[in-house]
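Chemist: Sequence first, predicted coordinates after that:
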Protein chains: 4
Amino acid sequence: MTSHRPLRADAARNRELLLAAAAEEFAERGLDASVADIARRAGVGKGTVFRHFPTKDDLLAAVVQDRITRLIEAAERLLDAEDAGAALLEFLGLAALGQQEFDQSFLQRSGRLSPEMTRLQKRLFQAIDALVERARDHKAVRPDVTGTDVILLMCVPNHVVGYVPDPPPDLWRRYLALIFDGLRPEAAHPLPHPPPESL
Amino acid sequence: MTSHRPLRADAARNRELLLAAAAEEFAERGLDASVADIARRAGVGKGTVFRHFPTKDDLLAAVVQDRITRLIEAAERLLDAEDAGAALLEFLGLAALGQQEFDQSFLQRSGRLSPEMTRLQKRLFQAIDALVERARDHKAVRPDVTGTDVILLMCVPNHVVGYVPDPPPDLWRRYLALIFDGLRPEAAHPLPHPPPESL
Amino acid sequence: MTSHRPLRADAARNRELLLAAAAEEFAERGLDASVADIARRAGVGKGTVFRHFPTKDDLLAAVVQDRITRLIEAAERLLDAEDAGAALLEFLGLAALGQQEFDQSFLQRSGRLSPEMTRLQKRLFQAIDALVERARDHKAVRPDVTGTDVILLMCVPNHVVGYVPDPPPDLWRRYLALIFDGLRPEAAHPLPHPPPESL
Amino acid sequence: MTSHRPLRADAARNRELLLAAAAEEFAERGLDASVADIARRAGVGKGTVFRHFPTKDDLLAAVVQDRITRLIEAAERLLDAEDAGAALLEFLGLAALGQQEFDQSFLQRSGRLSPEMTRLQKRLFQAIDALVERARDHKAVRPDVTGTDVILLMCVPNHVVGYVPDPPPDLWRRYLALIFDGLRPEAAHPLPHPPPESL
DNA sequence: AATGAATGAGGCTTCATTCAT
DNA sequence: CATGAATGAAGCCTCATTCAT
């Protein structure tokens, strides 16, 4: 997909350096991270950033695509797990871990996504839907919870940890556990509103 | 506190228009919302913003103070409610409702707050602590949940709704209910990480 | 001259307050002194400034006119003094004293002066020319020095004192003395350039 | 000092263009000269100014440092001249000539100077002190005149010429000569005030 | 007539993006 | 291809001036 001619070795390496640097910088500084800082962190010139990614937004999109691809792999792999509840929990853990502080803002901008990204997003959402359905079937998750709910709650652990001044690196596990307990059947009270149709 | 002489009628009106416009603009665009846009939305000139709020940060602070003050009132009033669990739930509902137009990100920046704001923040947090303690005493909330946990989760319902394209106005209730179910004793599983000490 | 209808008593008083405040503020802060500060110093509203002086430049012009008028009086009075050299020195002292720190910038803007100001300026210059001529006739001043030279050097004492951090209030007298010694015949060496024709 | 790697050819050229434009603009408009005007005069974009000088103050500092460095060289070189009086006069001439495009108002603000600038300023002042002392020893200058006096009077010739509408380019020589005659022993009258201690 | 609120042009600075080297 | 210099739009803020009260 979108397979342009293969990059020269050093160019490919720069691309990876940039993606890594951008991910870290966006994580630390938010979407206002400056291109200059990203370039510096990657050890390349500012111009090189724009050779690889015509736009700052494109760079962000590439970072997001990277993440989303890994999430798809994880989700699809976990569909074969034995314990459906544990599988869902693990997926959410991987999602939180992989995004340490990286705001899932790509969800927000469904509108402006590239076709490629839209495709990937859809595939991820389908995998999550399937994970949730299995967990629901196994009574690991309450029946009134949908895949969309889980998608929306997926980024909560990292988000709330962002409010803590110097957060311990595993603090997100606490909030993932709390959220997940809310998805279990045991404490389920009727939900006052139906789930949203689509994202 | 900070009660200067009463403003002229039109000035007072502009101040309110500005606070409202700023709250909306900050909610929609985040903290990067431009002063010019806020001024336009309020229907006043750029300079008028600075007559009322010498700095963009001051404007933000005023919006936040507005919100926080209402939250304090609600929390302290609900401390006298009969049903401690229902009181906590209602508080969280009021918080979500009031914040529909405003991301609670001010919690994040304890560092740069004015003394006045720090004072208000502390008072709000104490009231929430008390609400949670009462709810815990009444077994409406699991024993391993702290006030700080609730403070951190408080802004989740609105936050996740922000990811939904054209959200129904009451959708947040669904996610508040899910979160709250996670706080109940019934589904409690051991939490893998202690709560953060302070914010 | 420019005798509009006489001002009401309080208006006249405000005009004086403003002229005094403006003179001080311009002296301390330079031409960047803000109208708001002048108004505050005079104890009136900003709007009142503009009622009396349509423009900040007009206010400055009025201050200057005030000074220039007093200088004219002094110069014309001193034309009758016995000792022509002492008279010139005294005039320069009065000029420095009266302008304590007030930059003689009106000289600089001969172009944009009002007719009234041009008239006054011309009258002042004529009086100074006469003072210098008399001093020259009495051998108190070297023969190759003109009135224009003196006009140009008139503001030097205050100007250089402006470079001293916390100047003693009479420091300008030192530099006036040095300048004046340069005008005396005793040390006169040939001047390498003719005087400018006009200002 | 502060010798970074050599600039690219075009960048070096722009830096010089900017320094020249800034010197002219500051000379004409005073310290309020706008960065935009300086950029326009140099024929570069506004942003380029900030690439070379992060702050307007830094630009001013660079201009001043340029001037001051040349003055130091001149002063230290002239310390070896035979005729001490002629040396001082020549120094003042060079100062006036070099400053034709730049008001020496930086002397005024010892407070806000960078350490580097303070160092240079001190060195210049020491050299001038030495020049004056030698001239005094050779009876070329009256005994009651100090280096500080000369420093203060140094910028007078250009300053007064600034009041003349279309000044001939060498007019400053006339006023330097007049000032210098005031420093000679021949016309010395007792000075009514001691010199300032320091700048 | 006085006040001070409102206005908007203009100043300094940042930063995504373009382009000469 | 990579670099970093140049650009200019856009942001925050100040202040002379206008105008409703």
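Modeler: Thanks, I have the structure now.
Chemist: For A:E73, pull up the helix or strand it's in.
Modeler: helix A:56-78 (DSSP states H and E).
Chemist: what does A:R142 give?
Modeler: Per DSSP H and E, there is no helix or strand for A:R142.
Chemist: isn't it right next to A:F180, touching?
Modeler: No. If you go by C-beta atoms under 8 Å, A:R142 and A:F180 don't touch, sitting 11.1 Å apart. Quick note: C-beta positions are derived from backbone N, CA and C, even for glycine.
Chemist: picking up where we left off before, for the helix holding A:E73, packing partners?
Modeler: helix A:9-29, helix A:35-42, helix A:84-99, helix A:115-137 (3 or more C-beta pairs under 8 Å, 6 or more residues apart in numbering or on different chains; DSSP states H and E).
Chemist: Give the buried residues for the third one.
Modeler: Under the neighbour-count criterion of 16 or more other C-beta atoms under 10 Å in any protein chain shown, helix A:84-99 has A:84-85, A:87-96, A:98-99 buried.
Chemist: Tell me the one among the residues you listed nearest to chain D.
Modeler: A:Q99 (35.0 Å; C-beta to the nearest C-beta).
Chemist: Tell me how many other residues crowd A:G43.
Modeler: 11 (other C-beta atoms under 10 Å in any protein chain shown).
Chemist: distance between the ends of stretch A:139-151?
Modeler: Its first and final residues considered, stretch A:139-151 spans 19 Å by C-alpha to C-alpha, to the nearest Å.
Chemist: Let me see the domain layout of chain A.
Modeler: Following automatic domain parsing, chain A resolves into domains at A:1-54, A:58-183.
Chemist: what's whichever strand or helix holds A:D181 in contact with?
Modeler: Assessed by DSSP H and E, A:D181 sits inside helix A:171-183. With contact meaning C-beta atoms under 8 Å, 6 or more residues apart in numbering or on different chains, helix A:171-183 is reached by A:89, A:92-93, A:96-97, A:100, A:141-142, A:145, A:149-150, A:153, A:156-158, A:160-161, A:164, A:187, B:145, B:149, B:152-153, B:178-183, B:187-189, B:191-196.
Chemist: ok, back up a step: deepest of the helices and strands packed on helix A:56-78, which one?
Modeler: Highest mean neighbour count of the helices and strands packed on helix A:56-78: helix A:84-99, a mean of 20 (counted as mean count of other C-beta atoms under 10 Å in any protein chain shown).
Chemist: Remind me what the helix or strand of chain A with the lowest mean pLDDT packs against, helices and strands.
Modeler: Ranking every helix and strand in chain A by mean pLDDT, DSSP states H and E puts helix A:9-29 at the bottom, with a mean of 87. Helices and strands touching helix A:9-29, as assessed by 3+ C-beta pairs under 8 Å, 6+ apart, comprise helix A:35-42, helix A:46-52, helix A:56-78.
Chemist: Now render those helices as CSV, adding mean pLDDT.
Modeler: Shown next, in CSV, are those (pLDDT from 0 to 100):
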stretch, mean pLDDT
helix A:35-42, 95
helix A:46-52, 94
helix A:56-78, 91
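Chemist: Nearest approach to D:R123 belongs to which of those helices?
Modeler: Among the helices and strands packed on helix A:9-29, the nearest to D:R123 by C-beta to C-beta is helix A:35-42 (36.5 Å).
Chemist: touching DNA strand E at all, that closest one?
Modeler: Yes. Helix A:35-42 reaches DNA strand E (C-beta under 7 Å from any atom of the strand) through A:V35, A:A36.
Chemist: how about that helix against chain D, any contact?
Modeler: No. Legend: contact between helix A:35-42 and chain D by C-beta under 8 Å from any C-beta of the partner chain is lacking; minimum distance shown is 11.6 Å.
Chemist: Dump the helices and strands packed on helix A:9-29 to JSON lines, plus distance to B:D37.
Modeler: JSON lines is the format used below for the helices and strands packed on helix A:9-29 (distance: least, C-beta to C-beta, whole Å):
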{"stretch": "helix A:35-42", "distance to B:D37": "23"}
{"stretch": "helix A:46-52", "distance to B:D37": "28"}
{"stretch": "helix A:56-78", "distance to B:D37": "20"}
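Chemist: and chain A, which of its residues are near DNA strand F?
Modeler: A:7-8, A:10-11, A:14, A:44-48, A:50-52.
Chemist: Recalculate using a threshold of 6 Å.
Modeler: When proximity is defined as C-beta under 6 Å from any atom of the strand, chain A approaches DNA strand F at A:L7, A:R8, A:D10, A:A11, A:N14, A:V44, A:G45, A:K46, A:G47, A:T48, A:R51.
Chemist: Now do the contacts for the fourth one.
Modeler: Same thing as A:A11. A:H52.
Chemist: With chain C as the reference, measure out to it.
Modeler: Separation of A:A11 from chain C (C-beta to the nearest C-beta, to the nearest Å): 54 Å.
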